[in-house]
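**Q** Here you go, sequence then predicted model.
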There are 4 protein chains.
Amino acid sequence: MRARVRASIERQSMMATLGVELIAVERGRVQLALRHDDRFTQQHGLLHAGAVAAVLDSACGYAAYSVMRPDASVLTATYTINLLAPAAGSRFTMTGQVVRAGRTLVVCRGEAFADGSAAPFAVMQATMTALYDRPGPRG
Amino acid sequence: MRARVRASIERQSMMATLGVELIAVERGRVQLALRHDDRFTQQHGLLHAGAVAAVLDSACGYAAYSVMRPDASVLTATYTINLLAPAAGSRFTMTGQVVRAGRTLVVCRGEAFADGSAAPFAVMQATMTALYDRPGPRG
Amino acid sequence: MRARVRASIERQSMMATLGVELIAVERGRVQLALRHDDRFTQQHGLLHAGAVAAVLDSACGYAAYSVMRPDASVLTATYTINLLAPAAGSRFTMTGQVVRAGRTLVVCRGEAFADGSAAPFAVMQATMTALYDRPGPRG
Amino acid sequence: MRARVRASIERQSMMATLGVELIAVERGRVQLALRHDDRFTQQHGLLHAGAVAAVLDSACGYAAYSVMRPDASVLTATYTINLLAPAAGSRFTMTGQVVRAGRTLVVCRGEAFADGSAAPFAVMQATMTALYDRPGPRG
C-alpha cells in the first residue's frame, strides 16, 4: 500500500515541484510533509495557502486511496478548507484521515500542523470519489 | 483599484511561480489567467487541482479586496471547491465574483474555465475576511 | 418531470411540516417557496437557518433529480451554505440550479431570496449523488 | 455557561419544535440530542437531513458561544456538512467542538451519531462569527 501511494506521488510533478515528502501511510491515514519554499509564498513571505491546500488535499486523497480496492483510482470531488492561522514555520505536516468509506464516496478530514505545534493551522473536510473503470489523477 | 490588485499579485511569489496573469478587475469581479505548466501537473499530465484551487482562491480574494476600504487587507477564511472535470487545455481563466459584502466577511463565487469552453471545470464558494488593523497576505 | 418532483416532495413529511411549496421545475432548475412560521424561528423571531438550509438543500436535490435518469434516486452527499443575512420577510424563494451533471455526481448551486429582494440572503454549493440500484430519500 | 447556553436554546422555537435536548456543555464542546420524529422525515420514514443539519449547526454554534466573551453573540457564517449514512435510529447525539477560536471567527467540527453507534453518520466543518455590538440569533 505504501509502495502504491509512493509511486502515485512520484507520478505527480506538482508534488515533486512542491517538494512533498511521504511520512507515513496506514490504512485510512496518510501523512505528508512540506518545507517552506520561497517560490510558494504570499506577500509576507509565508507559505501560500494554495500550497497548503494542495498538499492537504493530497493527504486526504491518498488516505482515501489506501482504503480502496487495488483497481480503483481516486479523484477529489470537493473539499472545504478553513485557514485558521498563517503557515508560519519551516516544515509542515499534513494528515489525511478517512472518516467514512462508502462504495463510491470516501469522506476524509485533513489537518495541517507547523512542526512543533499541537494546534492545526488549517483543517479540511474532503469528499473523494472512487473510479473503478478508468484512470484518475492518482490511480 | 486595478493598480492595487496588480501590486498585490506581484508581491506574491506563488502567483509569479504559477505564472498567473491579471486579465480584468472591476468592482467586485476579478479575472485571472493561468497557463498549463508541466511543473504543476498530476500524473496524467493535466494541470493539478492544487494549482486550479490556488488561482481560483486568489481570484475570489482579489474580488473581495476590490470592494473593501483601501486600508483593509483580505484573508481567506474558508472555501469550498468542486472539481467538475479535469483541467484539460493550455490556458485557463478563473473568475472571482462578490456575492455579498458585509462588514468583516465577504462571500464570493469562483468559476474556472478552460479557454474556449463555456462550462466551468471547477466552482468555488469562498468566505473572505477583511482585516482593518493589521496586514494580511494580500493587503 | 414536474409530477415526479411533486410526488417526491409529498412523500417527505419534513417538507409538509415546513409548508414547502413547489413553484417551478425545469430541466436542471427547481424553485421552492417557504413562508415564515413561528414554529421554526431563532430567538429574534426570524426564520431559523436550519429551515432555510433544509429547503435550499431540497431545491438543489430536486434540480439534480430533474436531470437524472427516471430510475435514479438522489442523495445529498455534501453541501456548503453561506448565510449572508437574516431571513427577514414573510415568504422566501429558494432556487436550485445544476452546474454540472456527471455520471454519479451532480453539482448544484442554490440561492435563497426573501420575496421582493434581488440579493440572496443565503447561497449553497451542493454535491448530489445518483443512486441507480436502490432507493434514496427522494427516489 | 451551561445556563447561558440553555437559555439561548430555549429562546429558539425551532429547537423546541425539533425537541432538541441539551446533554452537555463544557468550554469549547456542546452535545445536543434529538429524537426521531415523524414530522421531520424524508420519504423512507427516516429523519430528514435538514433536521440533522439544523441541530449539528446548533451544536457547533453553542460550542463557539461557550468560548466567546459573555457580551458576544454568535452567528453561523458558513458550514459544510457531509451526510455519510441515513439517520437510522430513534435518538441521535450531535457534538460540536471548537477547533480554533480567533477574534471574530471560531471554527468548529460537528459529528452526529445514532445512539449506540461509534461511527458518525454526518460530519460538519463550521465557521462561526462573534458579534460584539449587536444581538445575533443565539446572543
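**A** Alright, I've got the coordinates.

**Q** between the top helix by length along chain A and helix B:49-65, how big is the angle?
**A** The helix that spans the most residues within chain A, counting by DSSP state H, is helix A:49-65. Helix A:49-65 and helix B:49-65 meet at an angle of 140 degrees, taking axes from the mean of the first three to the mean of the last three Cα atoms, to 10 degrees as the criterion.

**Q** Just the CA trace of helix A:49-65, in PDB.
**A** As requested, the backbone C-alpha atoms of helix A:49-65 are provided in PDB (Å, rounded to 0.1, in the frame of the first residue of the first chain):
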ATOM      1  CA  ALA A  49      -2.500  28.900   1.300                       C
ATOM      2  CA  GLY A  50      -2.600  27.400  -2.200                       C
ATOM      3  CA  ALA A  51       0.400  25.200  -1.400                       C
ATOM      4  CA  VAL A  52      -1.100  24.200   2.000                       C
ATOM      5  CA  ALA A  53      -4.400  23.300   0.300                       C
ATOM      6  CA  ALA A  54      -2.800  21.300  -2.500                       C
ATOM      7  CA  VAL A  55      -0.800  19.100   0.000                       C
ATOM      8  CA  LEU A  56      -3.700  18.700   2.400                       C
ATOM      9  CA  ASP A  57      -6.000  17.700  -0.500                       C
ATOM     10  CA  SER A  58      -3.300  15.100  -1.500                       C
ATOM     11  CA  ALA A  59      -3.000  13.700   2.100                       C
ATOM     12  CA  CYS A  60      -6.800  13.200   2.100                       C
ATOM     13  CA  GLY A  61      -6.800  11.800  -1.400                       C
ATOM     14  CA  TYR A  62      -4.100   9.200  -0.500                       C
ATOM     15  CA  ALA A  63      -5.900   8.300   2.700                       C
ATOM     16  CA  ALA A  64      -9.000   7.500   0.700                       C
ATOM     17  CA  TYR A  65      -6.900   5.700  -1.900                       C
END
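
**Q** close to chain B, is it?
**A** Yes - using Cβ under 8 Å from any Cβ of the partner chain, helix A:49-65 reaches chain B at A:49-51, A:53-55, A:57-58. (C-beta placed from N, C-alpha, C; glycine too.)

**Q** likewise stretch A:23-42?
**A** Yes - for a cut-off given as Cβ under 8 Å from any Cβ, stretch A:23-42 has contacts with chain B, namely A:38-42.

**Q** What of stretch A:115-133?
**A** No - Stretch A:115-133 stays clear of chain B (Cβ under 8 Å from any Cβ), getting no nearer than 8.9 Å.

**Q** Quick check: buried residues in that stretch?
**A** Using 16 or more other Cβ atoms under 10 Å in any protein chain shown as the burial criterion, the residues of stretch A:115-133 that qualify are A:120-131.

**Q** again, but for stretch A:20-30
**A** Within stretch A:20-30, the residues that qualify as buried are A:20, A:22, A:25, A:28-30, counting by 16+ other Cβ under 10 Å.

**Q** now, among those residues, which is nearest to B:Thr104?
**A** Minimum separation from B:Thr104 among those (Cβ to Cβ) is found for A:Val20, which lies at 34.0 Å.

**Q** distance of the closest one from chain B?
**A** For A:Val20, the distance to chain B (Cβ to the nearest Cβ, to the nearest Å) stands at 10 Å.

**Q** hang on, the earlier thing: strands - which of the buried residues of stretch A:20-30 land there?
**A** A:22, A:25, A:29-30 (DSSP state E).

**Q** is stretch A:115-124 anywhere near chain D?
**A** Yes - for stretch A:115-124 and chain D, the contact criterion (Cβ under 8 Å from any Cβ) is met by A:119-120, A:123-124.

**Q** and the helix or strand harbouring A:Met15, what other elements does it pack with?
**A** Per DSSP states H and E, A:Met15 falls inside helix A:13-18. For helix A:13-18, the contact count by 3 or more Cβ pairs under 8 Å, 6 or more residues apart in numbering or on different chains; DSSP states H and E identifies helix A:49-65, helix B:49-65 as packing neighbours.

**Q** any chance of the ones you listed in TSV, plus mean pLDDT and mean neighbour count?
**A** Putting these into TSV (pLDDT from 0 to 100; neighbours: other Cβ atoms under 10 Å in any protein chain shown) gives the following:
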stretch	mean pLDDT	mean neighbour count
helix A:49-65	97	28
helix B:49-65	97	28
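
**Q** A:Val99: which of those helices is closest?
**A** Scanning these with Cβ to Cβ as the criterion, the closest one proves to be helix A:49-65, at 9.5 Å.

**Q** What strands line up against the helix or strand just after that closest one, and which way round?
**A** From helix A:49-65 onward toward the C-terminus, using DSSP H and E, the following helix or strand is strand A:73-83. Looking at strand A:73-83 with DSSP bridges, its partner strands are strand A:122-131 (antiparallel), strand B:73-83 (antiparallel).

**Q** Between those strands, which one is closest to A:Val67.
**A** Ranked by Cβ to Cβ, the member of the strands paired with strand A:73-83 that lies closest to A:Val67 is strand A:122-131, at 9.3 Å.

**Q** Dump the closest one to PDB, restricted to CA.
**A** These are the backbone C-alpha positions of strand A:122-131, laid out as PDB (Å, rounded to 0.1, in the frame of the first residue of the first chain):
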ATOM      1  CA  ALA A 122      -5.600  24.500   8.600                       C
ATOM      2  CA  VAL A 123      -8.400  21.900   8.500                       C
ATOM      3  CA  MET A 124     -10.100  20.200   5.600                       C
ATOM      4  CA  GLN A 125     -13.300  18.200   5.100                       C
ATOM      5  CA  ALA A 126     -13.000  16.400   1.700                       C
ATOM      6  CA  THR A 127     -15.100  14.100  -0.400                       C
ATOM      7  CA  MET A 128     -13.200  11.700  -2.700                       C
ATOM      8  CA  THR A 129     -14.700   9.600  -5.500                       C
ATOM      9  CA  ALA A 130     -13.500   6.100  -6.400                       C
ATOM     10  CA  LEU A 131     -13.300   5.400 -10.100                       C
END
